[in-house]
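**Student:** I'd like to go over a predicted model; first the sequence, then the structure.
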Amino acid sequence: MRRSNLFGLCLLVLVLSATVSTRAAEVWSRFRGEGGSGRAAAGSKLPTEIGPDKHVVWKIELAPGHSSPVVFGDRIYVTAEKNKQLVTIALDRATGKTLWEKVAPHEKLEAVHGIGSHAQCSPSADDERVVALFGSCGLFCYDRDGKELWKVPMGPFKNEFGAGSSPQIVDDRVIVCQDHDTDSFLAAYDKRSGSVLWRTDRAEFPRNYCTPLILTVNGQKQIVIAATLRVVGYDFETGKELWTVRGISRMVSLSPFLTESGTLITGGWAAGGDESERISVQPFSVIKKDLDKNGNGTLEESELPKGDIKQRFPQVDRNKDGSLTEAEYEYFRTLFEQGQNSIVAIKPGAQGEATETHLLWKQRKLVPFCSSPVAVGDFVFTIKDGGIFACLDLKNGKHIKQGRASGTDDYYSSPVAADGKLFLIDEEGRLTVLSADPECRTLHTAEFGEKAFATPAIVGNRLYLRTSGHLYCFGESK
């Protein structure tokens, strides 16, 4: 090959590599970013001292909603509740200007948690489209200009906390997992038409809020979901269950992700699942004779004394007929007995029952409820309600450091990592910036004066943070 041709080929490779690298830095296409890791692309540079009046590139008013912003190229997408309507919004990434809004029609809004929202699921985007899921009316797909391409009706779901798991676009399909008190499922839809490619029944699992992880093992994609009592890997092409690791909580809100070294991190927390604080209830056969006043063989809410079952009556009554059968009661009693609040590390590549072979470690202490962990290098970081943070050794799961963030309320937002820093914000809008190392030094704090539920997005040298009334873009001034 002539030297000039070789030089040209090398130059082309460098240009293509730079283009791929630039494109990766311009994308945060789903909840918690690429791979659900919460980590920014390598090379992102962010100011440490961000706040309502520090390093603000732009700030806009935004209708309320708990969904997290996602970014693809020059667009930001969010969902919201606006004037009693459910909307998907596209914003200009450079200015925050609204480019379009589209209403998702609904006949009835399902119940949500007292602090919840009907716009809880984060959208997902690629270079041609964006998908948004509203439990009240289904899954909607729009092109970049806001034209509706298709919709799939679903819901309202039987779950008084509402829908929370987010959809994601992967290759030629949209992956959706919805675990509710009944009719739980995992499905793949054709991203161009919305037609169902496959649907896997998950009736075994009651309500959970994990957003699945898509990983590749030996050249084949898998879908990983953490839910009631076990982590499951499904075949991406067919939806068939491939493997499972058991021994997690009875309900899961955390979303799985891969560390930079390829370890799978997941887990969950639910009341009564800590080693030192267990919930235990008597068998149905023992309490039935004293509580079944009308002798119909089931237990109505009015027949139950105050306690753990009555407090969760809508969950235990899975078929929503207003009474508890022995099967419903005993199922939930089993969940109390077997649930183990934990963060777990799993080696990818499992097949079949893999608890003994692929569970690397389990940490039972300081497990978050809603806020998913994030990993940087050889360390895993968590933030628990009350502002208790911890740094775990990725090799063995042992705690290296723990402390308390400036935000001491509940954490629904998950931490994100970039530029050697961790960004954490509690429900009351109090931000803490920690060093992303075992020292976990507090580098900065700020108060936004508004509630915060969404997880920030980081693209390039910009951080996008949503509060209950605004969307901020932070970065160094050019």
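**Tutor:** Right, received. Where do you want to start? Numbers count the residues shown, from 1 in each chain.

**Student:** what kind of secondary structure is residue 310 in?
**Tutor:** helix (DSSP: H, G, I helix; E, B strand; the rest coil).

**Student:** which residue, other than its chain neighbours, is closest to it?
**Tutor:** Leaving aside its sequence neighbours, residue 310 sits nearest to residue 304 (C-beta to C-beta, 6 or more residues apart in numbering; 4.1 Å). C-beta here means a position set from N, CA and C on the backbone, and glycine is covered the same way.

**Student:** verify the contact between the one you found and residue 316 for me.
**Tutor:** No. Checked against C-beta atoms under 8 Å, the pair residue 304 and residue 316 is beyond contact range at 9.5 Å.

**Student:** neighbour-wise, which of the two wins?
**Tutor:** Set residue 304 next to residue 316 and count neighbours by other C-beta atoms under 10 Å: residue 316 wins out with 24 against 17.

**Student:** can you report phi and psi for the more buried one?
**Tutor:** Torsion angles at residue 316 (phi, psi; degrees, to the nearest 10) stand at phi -70, psi -40.

**Student:** before we move on, which element is the closest residue to it other than its chain neighbours in?
**Tutor:** In space, and not counting its chain neighbours, residue 316 is closest to residue 332: 4.6 Å by C-beta to C-beta, 6+ apart. Secondary structure assignment for residue 332, by DSSP states H and E: helix 326-338.

**Student:** give me the contacts around the very next helix or strand once past that helix.
**Tutor:** Following helix 326-338 in sequence order, the next helix or strand is strand 342-346 (DSSP H and E). For strand 342-346, contacts defined as C-beta atoms under 8 Å, 6 or more residues apart in numbering pick out 231, 245, 247-249, 263-268, 354, 358-364, 367, 373, 380, 382, 392, 394, 397.

**Student:** can you map out the strands along the stretch 51-200 of the chain?
**Tutor:** Using DSSP state E, counting those that start in this stretch, the strands of the stretch 51-200 of the chain run over residues 56-61, 70-72, 75-82, 85-92, 98-104, 124-125, 129-134, 138-143, 148-152, 168-170, 173-178, 185-190, 196-201.

**Student:** which among these is found nearest to residue 218?
**Tutor:** strand 168-170 (17.6 Å; C-beta to C-beta).

**Student:** so what strands line up beside that closest one?
**Tutor:** With DSSP bridges as the test, strand 168-170 is paired with strand 173-178 (antiparallel).

**Student:** so which bits of the partner strand are buried?
**Tutor:** 173, 174, 175, 176, 177, 178 (16 or more other C-beta atoms under 10 Å).

**Student:** what's the burial count for residue 216?
**Tutor:** Count around residue 216 with other C-beta under 10 Å applied: 11.

**Student:** does the residue nearest to it when sequence neighbours are not counted have beta-bridge partners, and which?
**Tutor:** Nearest residue to residue 216, sequence neighbours excluded (C-beta to C-beta, 6+ apart): residue 222, at 7.5 Å. Beta-bridge pairing for residue 222 (DSSP bridges): residue 215, residue 235.

**Student:** my guess is residue 222 contacts residue 242. True?
**Tutor:** Yes. With contact defined as C-beta under 8 Å, residue 222 reaches residue 242; the gap is 6.3 Å.

**Student:** now stretch 299-314: average pLDDT?
**Tutor:** When pLDDT is averaged over stretch 299-314, the result is 94.

**Student:** what's in contact with it?
**Tutor:** Contacts for stretch 299-314 (C-beta under 8 Å, 6+ apart): 160, 181, 272, 279, 281, 284, 287-288, 291-294, 316-317, 320, 322-324, 329, 332, 336.

**Student:** among the residues you listed, which are in strands?
**Tutor:** Using DSSP state E, the subset of those located in strands is 323, 324.

**Student:** weed out the non-buried ones from the contacts of stretch 299-314.
**Tutor:** Applying 16+ other C-beta under 10 Å to the contacts of stretch 299-314 flags 160, 181, 272, 279, 281, 284, 287-288, 292, 316-317, 323-324, 329, 332, 336 as buried.
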